[in-house]
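J.: please find the sequence and the predicted model below.
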Amino acid sequence: QKEVEQDPGPLSVPEGAIVSLNCTYSNSAFQYFMWYRQYSRKGPELLMYTYSSGNKEDGRFTAQVDKSSKYISLFIRDSQPSDSATYLCAMSGGLSGGATNKLIFGTGTLLAVQP
Amino acid sequence: NAGVMQNPRHLVRRRGQEARLRCSPMKGHSHVYWYRQLPEEGLKFMVYLQKENIIDESGMPKERFSAEFPKEGPSILRIQQVVRGDSAAYFCASSPKQAGQFFGPGTRLTVL
């Protein structure tokens, strides 16, 4: 069993739809959770960073963490064609020297927003 | 504030040659990470460094791969005697304290 599971998609939605992306994980030691967006042949772009359980909102993006269920989600409101990309969840078990330890990534979900 | 910089962006090597990848972290970040992304696979952690120290190298292959982050200058990922299986995108990330990791544009290594 992989430490982090993510539905690879592809996920196709019409412009303006609400998108829900999810990851499950098995390691209860994970405390820091991140979502990245990666366009083809580019580096991952950090979208959201959260610690422990709860919700965090930033513009059209909302991240949710449920540690009791080992489940994290990213919601995108009013999706745009420019949101078409691969979305990666990532998580870390703690800090060393104040910064997060190694990230364990999901395999990514490919999202296509149709105009 | 410039982002994480990596060079070269593309690198072609023949089997048996050495590959040297460089990474300059964002200003003010003292933590550097290297990840590898193989075709059709996810991002895999390789090594975590702070200035002059290797913090975690649990993802580094035991042979041919080494990394450093000297007191002055960029972090270097070195691959000796490259083989075709080393062909991949190599990403560097940097982090301040108590925040996420910010990735560079990557170096795409092709081994002929």
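T.: Sure, I can see it.
J.: tell me the secondary structure at B:Gly85.
T.: helix (DSSP: H, G, I helix; E, B strand; the rest coil).
J.: please name the nearest non-neighbouring residue to it.
T.: The shortest distance from B:Gly85 to any non-neighbouring residue, by C-beta to C-beta, 6 or more residues apart in numbering or on different chains, is to B:Val111 (7.9 Å). C-beta: built from backbone N, CA, C; applies to glycine.
J.: who does that neighbour form a beta bridge with?
T.: Beta-bridge pairing for B:Val111 (DSSP bridges): B:Arg13.
J.: what's the neighbour count on it?
T.: The local packing of B:Val111 (other C-beta atoms under 10 Å in any protein chain shown) involves 19 other residues.
J.: what does A:Asp78 give?
T.: 12.
J.: measure the residue nearest to B:Gly85 to A:Cys23 for me?
T.: 32 Å (C-beta to C-beta, to the nearest Å).
J.: do B:Gln81 as well
T.: In terms of C-beta to C-beta, B:Gln81 sits 37 Å off from A:Cys23.
J.: list the buried ones in stretch B:56-75?
T.: B:Glu57, B:Gly59, B:Met60, B:Phe65, B:Ala67, B:Glu68, B:Phe69, B:Pro74, B:Ser75 (16 or more other C-beta atoms under 10 Å in any protein chain shown).
J.: what residues are up against the nearest residue to B:Arg14 once chain neighbours are set aside?
T.: Computed as C-beta to C-beta, 6+ apart, the closest residue to B:Arg14 that is not its neighbour in sequence is B:Leu112, at 5.1 Å. For B:Leu112, the contact set (C-beta atoms under 8 Å, 6 or more residues apart in numbering or on different chains) comprises B:Val12, B:Arg13, B:Arg14, B:Arg15, B:Arg84.
J.: neighbour-wise, which one of these leads?
T.: In those, the most neighbours by other C-beta under 10 Å go to B:Arg13, 19 neighbours.
J.: so that one touches B:Leu21, yeah?
T.: No - B:Arg13 lies out of contact with B:Leu21 (C-beta atoms under 8 Å); the separation is 10.9 Å.
J.: of the buried residues of stretch B:56-75, closest to B:Phe103?
T.: Each of the buried residues of stretch B:56-75 was scored against B:Phe103 by C-beta to C-beta, and B:Ser75 proved nearest at 13.4 Å.
J.: does the closest one touch B:Ile54 like I think?
T.: No - between B:Ser75 and B:Ile54 there is no contact under C-beta under 8 Å: 10.7 Å.
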